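**Q** Quick one, fold the following:
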Amino acid sequence: MLSTSGILGYGYAEESLKIGMARAPHAIGADGGSTDPGPHYLGAGTSFTSRLSVKRDLKLMLLAAMAAKIPCIIGTAGGAGGEPHLQDTAALVREIAREEQLSFRMALIHAEPERAMLREAVTSGRVKALAKLPPLDAATIDRAERIVAMMGPEPIARALDGGAQVILCGRSSDPAQWAAVALRAGIPPAVAWYAGKMLECGAEPAVPKEPDCLLVTLRDDHLVCEPPNPIRRCTPLSVANFALHENASPIHHTEPGGMLDTSDVTFEPVSDRAVKVSGMRWVPSAQYTVKLEGVERDGYRAITICGTRDPVLIRQIDDYLAVHRVKVSAKAEAFGVPPSAWRMSLRVYGKDGVMAGWEPTPAVTGHELGFVIEVVAGTQEIASAVLAMARTSLLHADFPGRLCKEGNMAFPFSPSDIELGPLYRFSVFHTLALNDPCAIFPIEYESV
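**A** Numbering: from 1, shown residues only. Down below sits the predicted model:
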């Protein structure tokens, strides 16, 4: 199986795809999404990758898959796997097919469960909380802008059984699209899921790291990882390192339907560029579950960016910002916006802008500081109004020993204030027990 990249739209070397296809893989694909970029994209129904870059990656993959008569599978289409993401990706596939005169059977696997079903699942005790979230309730379900369920391999295998050559998945477990192909071919679950784990991020198990292709060859008791691009190579260390990727436990990987146990895995070089992995085990779970992800609106946001290299101001920056916060609060209240109607955060890069309160060495040692001011409120108008006051106050306020007559800050952009629109937060991170792994993932077929 050939994975072209960690994320569809991150790019890969076209020559890598050609070399990989010459090895006659049984499927190609790429993961299309992640929660790493935050809750906005699931809430807004947009992608964190550009349409232009996704089209480039997808076109090459479709052309290769059609020429080789093998499936092309995209996991978590459109960045977050919701319905708008799935439809946007399907539209792009149809557009490429028209331009390249391709025809194929396509399957769209939907992953937004019905709200009534979720409310019933909560009532019947089939939903459990993850990530220290409170138990899910009907009010949280109703407030959610969008909720997706993370499918396992079963719906994807069913789409393959249905004759689909191009499969676009809504939200899916990262390894599931690969495990589906392997399981359907009779590969044992442990090897199938481990192969999925290796393929989910393209060439990440290889060095040097960069978005690119990875080829994995499966046998009943082992798999072999090898990057097609001759400038990269898999080593026992690089492959073992990637096995730790995005897992709470280094040896136990929880997936829909079971747990992949890697505690006795061994890594053996079979060449200077390929590594054999064996010894993995699959432990089926007593109850099949899938993960739910949902977001709800948490206000509207506006930001501005500026910086200073005034040494007098930098020496007293903490006191200056404390006074600034009080001034902004008073001036906002003066135009009718009480402190309870907004919240402001001020990130200071060069001090503790990355880690905030967790920064172990917050002392300023550089000659300049960068600031990102963020205001969140119930409406865009209030957020923008308070931000404008915060920007003005930070720019013009006096301080002891001040030498400049006007602005304290340098603003790189005009306009300086940026309205970011709705702010979303994750509100649903729970598991849902299912008796049928395909029950909430309807498949829609079409001839393209």
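**Q** With only the CA atoms kept, save the top strand by length along the chain in PDB.
**A** Longest strand in the chain by number of residues, with DSSP state E as the criterion: strand 289-308. C-alpha atoms of strand 289-308 as PDB (Å, rounded to 0.1, in the frame of the first residue of the first chain):
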ATOM      1  CA  THR A 289     -16.700   2.100  20.200                       C
ATOM      2  CA  VAL A 290     -16.000   5.100  18.000                       C
ATOM      3  CA  LYS A 291     -14.900   8.500  19.100                       C
ATOM      4  CA  LEU A 292     -17.200  11.500  18.800                       C
ATOM      5  CA  GLU A 293     -15.800  15.000  18.200                       C
ATOM      6  CA  GLY A 294     -17.900  18.100  18.400                       C
ATOM      7  CA  VAL A 295     -17.500  21.900  18.600                       C
ATOM      8  CA  GLU A 296     -19.700  24.700  19.800                       C
ATOM      9  CA  ARG A 297     -19.500  28.500  19.300                       C
ATOM     10  CA  ASP A 298     -17.800  30.400  22.100                       C
ATOM     11  CA  GLY A 299     -18.100  34.000  20.900                       C
ATOM     12  CA  TYR A 300     -16.400  36.100  18.300                       C
ATOM     13  CA  ARG A 301     -12.700  37.100  18.100                       C
ATOM     14  CA  ALA A 302     -10.500  40.000  17.000                       C
ATOM     15  CA  ILE A 303      -6.700  40.200  17.200                       C
ATOM     16  CA  THR A 304      -3.900  42.700  16.500                       C
ATOM     17  CA  ILE A 305      -0.200  42.200  16.200                       C
ATOM     18  CA  CYS A 306       2.600  44.600  17.300                       C
ATOM     19  CA  GLY A 307       6.000  44.800  18.800                       C
ATOM     20  CA  THR A 308       8.400  47.100  20.700                       C
END
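**Q** What's the first helix or strand after it?
**A** Next helix or strand after strand 289-308 toward the C-terminus (DSSP states H and E): helix 311-315.
**Q** in that next one, what counts as buried?
**A** Burial within helix 311-315, assessed by neighbour count using 16 or more other C-beta atoms under 10 Å, is assigned to 313-314. C-beta coordinates here come from the backbone N, C-alpha and C atoms, glycine included.
**Q** Same check on stretch 429-436?
**A** Buried residues in stretch 429-436 (16+ other C-beta under 10 Å): 429-432, 434.
**Q** which residues are in contact with it?
**A** When contacts are defined by C-beta atoms under 8 Å, 6 or more residues apart in numbering, stretch 429-436 is touched by residues 113, 118, 121, 126-131, 133, 136, 149, 287-294, 440.
**Q** try it again with 6 Å
**A** Contacts with stretch 429-436, where a contact means C-beta atoms under 6 Å, 6 or more residues apart in numbering, come from 121, 126-131, 133, 136, 287-292.
**Q** Please apply the same query to stretch 208-218.
**A** 1-6, 10-13, 16-17, 20, 23, 182, 187, 191, 195, 198-199, 202-203, 223-229.
**Q** could you flag which of those residues are buried?
**A** Of these, these count as buried by 16+ other C-beta under 10 Å: 1-6, 10-13, 16-17, 20, 182, 187, 191, 195, 198-199, 202-203, 223-229.
**Q** So which of these sit within strands?
**A** Applying DSSP E to the buried ones among the contacts of stretch 208-218, the entries found in strands are 2-3, 223-226.
**Q** Show me which of those residues is closest to Asp264.
**A** Nearest to Asp264 out of those is Leu223 (C-beta to C-beta; 15.0 Å).
**Q** For the closest one, give me the pLDDT.
**A** On pLDDT, Leu223 comes in at 97.
**Q** gap between it and Ser47?
**A** 31 Å (C-beta to C-beta, to the nearest Å).
**Q** Distance check, the residue nearest to Ser285 when sequence neighbours are not counted against Thr266.
**A** Once flanking residues are discounted, Ser285 sits nearest to Gly258: 4.9 Å by C-beta to C-beta, 6 or more residues apart in numbering. Distance, Gly258 to Thr266, using C-beta to C-beta: 21 Å.
**Q** In which helix or strand does Leu62 reside?
**A** Per DSSP H and E: helix 51-68 holds Leu62.
**Q** on that earlier part again, redo the buried residues of stretch 429-436 as JSON lines? Include secondary structure.
**A** Converted to JSON lines, those look like this (DSSP: H, G, I helix; E, B strand; the rest coil):
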{"residue": "Phe429", "secondary structure": "strand"}
{"residue": "His430", "secondary structure": "strand"}
{"residue": "Thr431", "secondary structure": "strand"}
{"residue": "Leu432", "secondary structure": "strand"}
{"residue": "Leu434", "secondary structure": "coil"}
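**Q** Of those, which pair is most distant in space?
**A** Checking the buried residues of stretch 429-436 with C-beta to C-beta, the most distant pair is Phe429 and Leu434, at 17.1 Å.
**Q** related to what we said a few turns ago, can you redo the ones in strands among the buried ones among the contacts of stretch 208-218 as TSV with distance to Ile303?
**A** Compiled in TSV, these are given as follows (distance: C-beta to C-beta, whole Å):
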residue	distance to Ile303
Leu2	41
Ser3	36
Leu223	46
Val224	48
Cys225	42
Glu226	44
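**Q** just those residues now: which is nearest Arg98?
**A** Leu2 (25.2 Å).
**Q** So the closest one is in contact with Pro25, correct?
**A** Yes - assessed by C-beta atoms under 6 Å, Leu2 is found in contact with Pro25 at 4.1 Å.
**Q** Out of the buried residues of stretch 429-436, which comes closest to Thr304?
**A** Nearest member of the buried residues of stretch 429-436 to Thr304, counting by C-beta to C-beta, is Phe429, at 31.3 Å.
**Q** returning to that earlier point: ok, and the most crowded of the contacts of stretch 429-436?
**A** Among the contacts of stretch 429-436, the one with the most neighbours (other C-beta atoms under 10 Å) is Val290, at 27 neighbours.
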